[in-house]
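Colleague: Here is my input; please provide its structure:
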Amino acid sequence: MQRQDSQDAPLFGEEDDNTGPRKSNIRHPLASFFHLFFRTSAILVYLLCDIFSTKFIACMVTIILLLSCDFWTVKNVSGRLLVGLRWWNQVDEDGKSHWVYESRKANSLKTTTSAESRIFWLGLIVCPMFWVIFVFSTVFSLKIKWLAVVIMGLVLQWANLYGYVRCKVGGKSDLRNMAKNYLGVQLFKQAMKTTQEP
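Modeller: Numbering: from 1, shown residues only. Predicted coordinates:
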């Protein structure tokens, strides 16, 4: 597992000259649209499938295609364009597999906007929660034929979420340090609050 800066491989939009002011907060509307389109379409098809169609195979194939398009779009396009992050698996000369988590340098983040970042993270975090709910509802309602579909939705969307969180905060040690620092700050604030009270 390794984390890289984007020196050796240019990210989408890095070579763009963004010297002029932009009127819109969304610089990549097509990427923003498709980032949310495939995710929400898969959820809507799953929810409305029983209403509009009785053919399980057609619904299942449609949902799997939408989930696959979502996984590819988020991993290869919208993550790079909207937040300047990417992750992939790389095999070295010895045949060992390494996961690479990459983020743009701070000075090259001028191609991303806060609106696009909010769209990206909101879609990335909220949609997998729906698939968690779908897994539990499928198990408890005994609709076992849908279990493979909802598990695939959960796995594909959580894989992207995990990859981008690792890109954002770094490796496992960074995750541990971030959690320790947060806990330390919270304990310090609590201690200061209790010492200030009469």
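
Colleague: Next secondary structure after the lengthiest helix in the chain?
Modeller: Longest helix in the chain by number of residues (criterion: DSSP state H): helix 114-140. Following helix 114-140 in sequence order, the next helix or strand is helix 147-169 (DSSP states H and E).

Colleague: can you dump the C-alpha coordinates of that following helix into PDB?
Modeller: C-alpha atoms of helix 147-169 as PDB (Å, rounded to 0.1, in the frame of the first residue of the first chain):
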ATOM      1  CA  LEU A 147     -29.500 -10.800  -2.000                       C
ATOM      2  CA  ALA A 148     -26.700 -11.200  -4.600                       C
ATOM      3  CA  VAL A 149     -27.800  -7.900  -6.200                       C
ATOM      4  CA  VAL A 150     -27.800  -5.900  -3.000                       C
ATOM      5  CA  ILE A 151     -24.500  -7.400  -1.900                       C
ATOM      6  CA  MET A 152     -23.000  -6.400  -5.200                       C
ATOM      7  CA  GLY A 153     -24.300  -2.900  -4.800                       C
ATOM      8  CA  LEU A 154     -22.900  -2.700  -1.300                       C
ATOM      9  CA  VAL A 155     -19.500  -4.100  -2.300                       C
ATOM     10  CA  LEU A 156     -19.000  -1.900  -5.400                       C
ATOM     11  CA  GLN A 157     -20.000   1.300  -3.700                       C
ATOM     12  CA  TRP A 158     -18.100   0.600  -0.400                       C
ATOM     13  CA  ALA A 159     -15.000  -0.200  -2.400                       C
ATOM     14  CA  ASN A 160     -15.000   3.300  -4.000                       C
ATOM     15  CA  LEU A 161     -15.800   4.900  -0.600                       C
ATOM     16  CA  TYR A 162     -12.900   3.000   1.000                       C
ATOM     17  CA  GLY A 163     -10.500   3.900  -1.800                       C
ATOM     18  CA  TYR A 164     -11.300   7.600  -1.700                       C
ATOM     19  CA  VAL A 165     -11.200   7.800   2.000                       C
ATOM     20  CA  ARG A 166      -7.700   6.200   1.900                       C
ATOM     21  CA  CYS A 167      -6.700   8.800  -0.800                       C
ATOM     22  CA  LYS A 168      -8.000  11.600   1.300                       C
ATOM     23  CA  VAL A 169      -6.400  10.700   4.700                       C
END
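
Colleague: Export only the CA atoms of stretch 59-68, formatted as CSV.
Modeller: In CSV, the C-alpha atoms belonging to stretch 59-68 read as follows (Å, rounded to 0.1, in the frame of the first residue of the first chain):
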residue,chain,number,x,y,z
CYS,A,59,-34.2,-5.9,-13.4
MET,A,60,-31.1,-7.7,-12.0
VAL,A,61,-29.1,-7.1,-15.2
THR,A,62,-30.2,-3.4,-15.4
ILE,A,63,-29.1,-2.8,-11.7
ILE,A,64,-25.8,-4.6,-12.2
LEU,A,65,-25.0,-2.6,-15.4
LEU,A,66,-25.8,0.6,-13.6
LEU,A,67,-23.7,-0.4,-10.6
SER,A,68,-20.8,-1.3,-12.9
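
Colleague: Thanks a lot, catch you later.
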